[in-house]
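Colleague: no sequence for this one, just the structure:
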């Protein structure tokens, strides 16, 4: 194997490793964002449930 081929192979391996590191960082950022969005959704669901409960109370009291 010539030195030129070896250098090109080394360059490609280095590029692949760098790309993998970037993808790992991006995946971690996306996991964090996903976690934040899940928590936000749960908070909205809780608030909506509370509002719907109040509306049910109003409906029940107005029917009495």
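Modeller: Perfect, I can see it now. Nothing here was measured: the structure is a model prediction, and the numbers come from that model.
Colleague: now the helices for this structure?
Modeller: 3-63 (DSSP state H).
Colleague: any low-confidence regions in it?
Modeller: Low-confidence segments of the chain (pLDDT under 70): 1, 64.
Colleague: which residue is nearest the centroid of it?
Modeller: With distances taken as Cα atoms, centre = their mean, the residue of the chain nearest its centroid is residue 34 (2.4 Å).
Colleague: how much space between it and residue 16?
Modeller: 26 Å (Cβ to Cβ, to the nearest Å). Yep, even glycine has a C-beta here, placed from its N, CA and C like the rest.
Colleague: Burial check on residue 7, number of neighbours?
Modeller: Residue 7 has 10 neighbouring residues, counting by other Cβ atoms under 10 Å.
Colleague: quick one: it and residue 44, what's the gap?
Modeller: In terms of Cβ to Cβ, residue 7 sits 55 Å off from residue 44.
Colleague: Could you do residue 8 as well?
Modeller: 53 Å.
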